[in-house]
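Peer 1: Model the following, please.
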Amino acid sequence: MAGHSKWAQIKRKKADIDAKRGKAFTKIVKEIAVAAKMGGSDPDGNPRLRTAIDKAKEVNMPADNVKRAIMKGAGELPGSVYEDIIYEGYGPAGVAILIETLTDNKVRTVSEIRHILSKNGGNLGESGCVNWMFEKKGTIFVERSAADEDTLMTIVLEAGAEDMKSDPDDDFEIITAPEMFEPVKAALTANNIAIASSEITMVPKNTVPVEGAAAAQLLRLMDALEDNDDVQNVYANFDMQDQE
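Peer 2: Reported below is the predicted structural model:
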């Protein structure tokens with residue numbers, strides 16, 4: 001399974017646990033605040049904010065939390081000022097890693113990320129060293145019980161999706177260009193097909209095969225990065241079989 005798909009599935013299985021711990025709330029509140037600051041408080045005219053609000057709904061975040069985060073981002077309430085910073089580096093077996101962060105203290109954040117990478121067989125690289133290996137895509141997951149495969153494929157392809165992946169052991173994964181992300185989601189909603197999760201993500205153009213001890217170490221690294229409060233998203237170009 002390709003790295004972005006593999007990691008996306010692992011993250012989805014962790015989502016309920018993270019939501020119960022409140023960890024998911026912290027990351028989404030930051031994203032909502034930054035999205036509102038950069039593009040305004042109206043989700044109809046701010047795709048980044050609209051996507052962040054959808055994520056909040058996926059983890060059952062209370063509406064009041066969402067409202068306060070928007071108000072903080074728009075400057076209507078006091079709050080921390082967060083900065084978007086992308087770090088690039090390498091993991092075990094030379095796997096390329098992109099790390100998206102939102103931080104109010106970049107000195108702290110870079111120190112923590114460098115430590116996590118070095119502790120788990122990776123290293124921090126220069127800006128631009130791996131970014132070119134990825135391209136931005138929309139990904140939408142639909143549970144297998146929510147739709148017939150042939151019907152779903154017809155709907156999403158007609159709505160402008162690029163591809164749909166079907167693994168018997170996992171949910172359907174729909175891939176779109178960024179500009180077709182919202183139209184495809186709208187088509188699913190119009191056909192009463194529930195969306196399990198969706199996001200704009202970075203998909204690797206090519207993948208690196210990883211197995212055995214290196215694969216286990218890589219997953220520990222990805223997990224440690226994801227658990228950092230300043231890290232919003234982690235992308236990597238690995239390809240591996242399921243790890244026991």
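
Peer 1: only C-alpha atoms for contact and neighbour calcs from this point on.
Peer 2: OK.

Peer 1: Next, the buried residues of stretch 122-138.
Peer 2: Neighbour counts over stretch 122-138 (16 or more other CA atoms under 10 Å) mark 122-124, 129-131, 133-134, 137-138 as buried.

Peer 1: ok, residues contacting it?
Peer 2: 87-92, 96-98, 113-114, 117, 174-178, 180-181, 198-206 (CA atoms under 8 Å, 6 or more residues apart in numbering).

Peer 1: From those residues, keep the buried residues only.
Peer 2: By 16+ other CA under 10 Å, these give 87-92, 96-98, 113-114, 117, 174-178, 180-181, 198-204 as buried.

Peer 1: quick one: which of the contacts of stretch 122-138 sit in strands?
Peer 2: Among the contacts of stretch 122-138, the residues falling in strands (DSSP state E) are 87-90, 96-98, 174-176, 198-204.

Peer 1: so how far is stretch 127-144 off the chain centroid?
Peer 2: Distance of stretch 127-144 from its chain centroid, counting by CA atoms, centre = their mean, to the nearest Å, is 8 Å.

Peer 1: Dump it to CSV, restricted to CA.
Peer 2: The C-alpha trace of stretch 127-144 is given here as CSV (Å, rounded to 0.1, in the frame of the first residue of the first chain):
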residue,chain,number,x,y,z
SER,A,127,14.0,23.7,2.8
GLY,A,128,13.0,22.4,-0.6
CYS,A,129,14.9,19.1,-0.3
VAL,A,130,11.9,16.8,-0.5
ASN,A,131,8.9,19.1,-1.3
TRP,A,132,9.3,18.5,-5.0
MET,A,133,8.6,14.8,-4.5
PHE,A,134,5.0,15.5,-3.5
GLU,A,135,1.9,17.0,-5.1
LYS,A,136,-1.2,18.5,-3.5
LYS,A,137,-4.4,16.4,-3.9
GLY,A,138,-7.8,16.1,-2.3
THR,A,139,-8.5,12.7,-0.6
ILE,A,140,-12.0,11.6,0.5
PHE,A,141,-12.7,8.4,2.3
VAL,A,142,-16.1,6.6,2.1
GLU,A,143,-16.8,3.5,4.2
ARG,A,144,-17.4,0.4,2.2
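
Peer 1: avg pLDDT for that stretch?
Peer 2: Averaged across stretch 127-144, the pLDDT comes to 94.

Peer 1: Also stretch 36-51?
Peer 2: On average, stretch 36-51 scores 91.

Peer 1: which element follows the helix or strand of the chain with the lowest mean pLDDT toward the C-terminus?
Peer 2: Lowest mean confidence among the helices and strands of the chain (mean pLDDT, DSSP states H and E): helix 3-21, at a mean of 57. Counting by DSSP states H and E, the next helix or strand C-terminal to helix 3-21 is helix 23-39.

Peer 1: Show residues contacting that following helix.
Peer 2: 15, 18-19, 42, 45-46, 48-49, 52-53, 55-56, 59, 61, 65-66, 69-75, 82-83, 102, 229-232.

Peer 1: mind listing what's buried in the following helix or strand past it?
Peer 2: Using DSSP H and E, the helix or strand that follows helix 23-39 towards the C-terminus is helix 47-58. Residues 47-56, 58 are the ones in helix 47-58 that count as buried (16+ other CA under 10 Å).

Peer 1: tell me which of the residues you listed is nearest to residue 145?
Peer 2: Of all the buried residues of helix 47-58, residue 58 has the smallest distance to residue 145: 17.5 Å, by CA to CA.

Peer 1: Next, the contact list for the closest one, please.
Peer 2: Applying CA under 8 Å, 6+ apart, the residues near residue 58 are 196-197.

Peer 1: Please tell me how far it sits from residue 25.
Peer 2: 11 Å (CA to CA, to the nearest Å).

Peer 1: repeat for residue 211
Peer 2: In terms of CA to CA, residue 211 sits 33 Å off from residue 25.
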